[in-house]
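Undergrad: how would this look folded up:
(chains A and B)
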Amino acid sequence: MTVRTVLEAVRETMREEMRRDERVVLLGEDVGARGGVFRASEGLVQEFGEERVIDTPLAEGAIVGVAIGMSLNGLRPIAEIQFADFIHPAFDQIVSEAARIRYRSNGAWGCPLVVRAPYGGGVHGALYHSQSVEAFFAHVPGLKVVAPSTPQDVKGLLTAALRDDDPVIFLEHKRTYRLIKGEVPDGDFVLPLGKAEVKRAGEHVSVFTYGMAVHHALQAAEEVAKEGVSVEVVDLRTLKPLDTETVLASVRKTGKALVVHEDNLTGGFGAEVAAIIAQEAFDSLDGPVTRLAGPDVPAMPFSPPLEEAFIPGPEKIAAAIRKLAAY
Amino acid sequence: MRQTSHAPASTADYTTLGLTPDALADIYYHMSLARALDERMVILHRQGKVVFLVSCQGHEAAQVGSALAVKKGADFVVPYYRDTALVLALGMTPRDVMLGLFARAADPCSGGRQMPMHWSSRDLKIVTGSSPVATHIIHAVGIAYATRLRHEKTVAITFFGDGASSEGDFHEGLNFAGVHKLPVVFVCENNGYAISTPQRKQMAIKNIADRAEGYGFPGVVVDGMDVLAVFATVKEAMERARNGGGPTLVEAKTYRFLPHSSDDDDRSYRSREEVEEWRRRDPVERFRAYLAQQHLLTPEREAKIKGRVAREVDEAQAFAEASPLPAPDTLLRHVYSEG
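TA: This is a model prediction of the structure:
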C-alpha cells in the first residue's frame, strides 16, 4: 500500500498501464512537457516519449476523434479533456461516433478508449471550470461512465476502464485531486466497472452519491450520528452501468433514500437513481425518495458565497438526512 | 471546369500508369457495375420495394479511380455514404450492397441497422461511418497515427463531399494530420452541391484543394470525371503518404446526376440544362470511349462485361429479397462487447 492523492493515483495508474501495454497512448492539450494543467501526466512524456504522450492542437473534437481512429486501428488511447467544461465540442464524436460504433457495425468494430475529464466545482472555477457533465453521457447507451471518489477507486477503476473493450468516460472530480488522500494497493489492481461500494454502513437512511459529494456525505453522516441517526453512504462509483443491486439492497435495509449530486437537479443522474428505487423498492420505502442537487442555474458562479450556495455540501446533506430520518 | 462540348476521353497513357488492358477492363467492369446496380436501386425505390438510397451516379470515376490506388485489405478506407462504386471496386459485392438496401440481417455493413450506403467491412478495412458529415475524416487521421506509431507501411484514405469541407471536423482533421505529417489521403468528391446549396454559398474559393496549403501539405485538383486522371493523382498521393511524405488533399471535381438522396428533389435548385451539360461528360461513357479509342474494347468484350453486370445485379437483388430480415430480439445486441 502507498498513500496517494487522487491526482497521483490517476498519474501512476496511467504510468503503470502504459508500461504494461504499449497500445496505451495519451493525447490531449498540454499533456506533454507541461504534464497537464493539473499535472496528471507529469513525467509521462519523459518516460514514454512524444509519440505516446501527445500534445494536441486545441480542438476537443479532434482529440476524441483521433482517439477513435487510433482505437479502430488497435491502440488503447486515453483522450484527456482539459476540463469537462470543454468537452462539448467533442460531444458529437463521443455520442454519435464512439458510443455507436459497435452497435452500428453489428459488433464488427469496437471502440475501446477512455476519455478522462476533470469535472465539478468548489475550486473557484466559475461557469467554465466547474461543470458536471455526467448526466449527458450517462444517457447514452454504448458508453460507460465512471466517477470515482478515492485514490484506491481511481486506480482500480481507471485500470479497468483502460482494459475495457468499450468507450469509457472517466470523470475525475477536481476538488478531490489534491484534497483526498488514501492508501492505494501496489501492483496490479482492478476494480470491476459497474460495482458500487458501501463507504459507510448504516441503518436509518441511505445516501447514494459519487465523486466529491461522497466525502460531503461521509462528513454529514458523522455529524448526524451524534444525534443518533445512522446513515449508510453508498458510493455509486460507476454511473453506467449502474449497480442497481447494491442500491436496492441498501434502500431495502434502511427504507429511506437520499440521492445527492453536484450537477443540477432537473434531468440529473439522481433522477434515474430515484426512479429505479421508486419502481423496484416501492414496498420497502418508509419516506419519499429525495434528491439533493445543485440548483437549476446555468452554472456555478465565481464569487465564494455564490459558489458555496451552489454546492450541496455537508450541512445541506445533513439537513436533508435529518428531514428524511424524521419522516 | 465545366465544358459544353463532349469532353475528351482521357489524355492519360495507361501504360505509363502501370496499367494493363486487363486492368482497364476491370475498371470498366466496376464502373459499369456501380452504374447498373445504382440504376436498379433507383428503380426498386420507385417501385416502393425499398425506402431509401443514396445514388453515386456521376461519381464512378472519382471512386473507382481512387480504389485502384488502394492496397486492398491493407490500407484503411474511411468512406462516406455516396461511395457505392468505391466499395464495389474495393471488393464488396452487389449482394452486400443489396442486403443493406433491403435492410436484411446478413447486411455486412450493419446487419440492417444503418440506412443503406453506410459502408463497413472489417475484412476489407472499410471503416464504419455515420450520417453526420466529416466526423469520419478525423478517424482516418487517428488510424494513420496508429499506423505510423507501429512503423507500418499502410495508408488511411478517406472520402467526403464538398459539403463536409465546411465542418469543423474537416479543419481539425486536416490540421492534425499536417502537424504530424501522417500517412493519410483526403479525397473530396466535389459535386458542387451540399444537397441544394451550391458551392458559391458554401465557400468563397473555387478550389477546396487550395485549403491544403493552410495545413502544410499539397492539395491537388483533378478532373473527377476521368477515371485514369483520378487514379494517377490518388496513386501519387498514396505513394507519398506510404513513403513518409505526409498527407495530400485531392479534390475530384465531379457531379451527381441524381438528387442528393431518394428523399430529395433537385429540380428546385438545379436546372435541367446544367444536369444535361454534366451528363455529356458521363464518366462511364467517357471511359468507354477511351477504351474504344485505344482499341481495347471490342463489341464482344463489352457485351461480355455488360452481360456479367446484368446477371450480377439480377442475382444480387434476388438473393437479398430472399434473405431474412433481422430477428426483433437482436435489437439489444452489440451495445457493448459481448466478449
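Undergrad: So residue 186, which state does it fall into?
TA: All of this refers to chain A. Assigned by DSSP: H, G, I helix; E, B strand; the rest coil, the conformation of residue A:186 is coil.
Undergrad: let's do chain B instead
TA: strand.
Undergrad: Let me see the contact set for it.
TA: Residue B:186 sits next to B:137, B:140, B:157-158, B:160, B:173-174, B:177, B:247-250 when contact means CB atoms under 8 Å, 6 or more residues apart in numbering or on different chains. Backbone N, C-alpha and C define where each C-beta goes, glycine included.
Undergrad: So which of the residues you listed are in helices?
TA: Mapping the contacts of residue B:186 onto helices (DSSP state H) picks out B:137, B:140, B:173-174, B:177.
Undergrad: quick one: pLDDT of the residue of the stretch 1-150 of chain A at minimum distance from chain B?
TA: Residue of the stretch 1-150 of chain A nearest chain B, by CB to the nearest CB: residue A:69 (2.1 Å). On pLDDT, residue A:69 comes in at 98.
Undergrad: and the host helix or strand of it, C-alpha only, in CSV?
TA: Using DSSP states H and E, residue A:69 falls within helix A:60-72. What follows is helix A:60-72, C-alpha atoms only, in CSV (Å, rounded to 0.1, in the frame of the first residue of the first chain):
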residue,chain,number,x,y,z
GLU,A,60,-11.5,18.7,-28.4
GLY,A,61,-13.4,17.1,-31.3
ALA,A,62,-10.1,16.1,-32.8
ILE,A,63,-8.7,14.8,-29.5
VAL,A,64,-11.6,12.4,-29.2
GLY,A,65,-12.0,11.8,-33.0
VAL,A,66,-8.3,11.0,-33.4
ALA,A,67,-8.5,8.7,-30.3
ILE,A,68,-11.5,6.9,-32.0
GLY,A,69,-9.3,6.4,-35.1
MET,A,70,-6.4,5.1,-33.1
SER,A,71,-8.8,2.7,-31.3
LEU,A,72,-10.2,1.4,-34.6
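Undergrad: Next up, the contacts around the nearest residue to residue A:71 once chain neighbours are set aside.
TA: Nearest residue to residue A:71 in three dimensions, chain neighbours excluded: residue A:113, at 4.6 Å (CB to CB, 6 or more residues apart in numbering or on different chains). The contact partners of residue A:113, by CB under 8 Å, 6+ apart, come to A:64, A:67-68, A:70-71, A:76-79, A:98, A:167-168.
Undergrad: go with 6 Å
TA: A:67, A:71, A:77, A:167 (CB atoms under 6 Å, 6 or more residues apart in numbering or on different chains).
Undergrad: Excluding sequence neighbours, find me the nearest residue to the residue in chain B positioned nearest to chain A.
TA: Scanning chain B for proximity to chain A using CB to the nearest CB identifies residue B:142 as nearest, at 2.1 Å. Of all residues beyond its chain neighbours, the one nearest residue B:142 is residue A:69 (2.1 Å), with distances taken as CB to CB, 6+ apart.
Undergrad: Does that neighbour touch residue B:137 like I think?
TA: No - using CB atoms under 6 Å, residue A:69 makes no contact with residue B:137, being 9.6 Å away.
Undergrad: out of the two, which sits in the busier spot?
TA: Neighbours were counted for residue A:69 and for residue B:137 using other CB atoms under 10 Å in any protein chain shown; residue A:69 has more, 35 against 30.
Undergrad: hang on, the earlier thing: okay, the contacts of residue B:186 in TSV with distance to residue B:303 and pLDDT next?
TA: Conversion of the contacts of residue B:186 to TSV gives the following (distance: CB to CB, whole Å; pLDDT from 0 to 100):
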residue	distance to residue B:303	pLDDT
B:137	41	98
B:140	40	98
B:157	34	98
B:158	37	98
B:160	37	98
B:173	45	98
B:174	45	98
B:177	45	98
B:247	43	98
B:248	39	98
B:249	40	98
B:250	34	98
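Undergrad: So how do I select the buried members of the residues you listed in ChimeraX?
TA: Command for ChimeraX that selects the buried part of the contacts of residue B:186, burial taken from 16 or more other CB atoms under 10 Å in any protein chain shown:
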select /B:137,140,157,158,160,173,174,177,247,248,249,250
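Undergrad: show me which of the contacts of residue B:186 neighbour chain A.
TA: Among the contacts of residue B:186, not one lies near chain A by CB under 6 Å from any CB of the partner chain.
Undergrad: Okay, the residue nearest to residue A:71 and residue A:147: tell me how far apart.
TA: 17 Å (CB to CB, to the nearest Å).
Undergrad: just residue A:102 next, same as before
TA: Taken as CB to CB, the span from residue A:102 to residue A:147 is 23 Å.
Undergrad: and the two? which has more neighbours close in?
TA: Each of residue A:102 and residue A:147 has its neighbours counted (other CB under 10 Å); residue A:147 has more, 30 against 25.
Undergrad: Would you agree that one is in contact with residue A:171?
TA: Yes - the criterion here is CB under 6 Å, and residue A:147 meets it with residue A:171 at 4.4 Å.
Undergrad: quick one: common contacting residues for these two?
TA: Common neighbours of residue A:147 and residue A:171 (CB under 6 Å, 6+ apart) are residue A:134.
Undergrad: quick revisit: residues contacting the residue of chain B closest to chain A?
TA: Residue B:142 touches A:66, A:68-70, counting by CB under 6 Å, 6+ apart.
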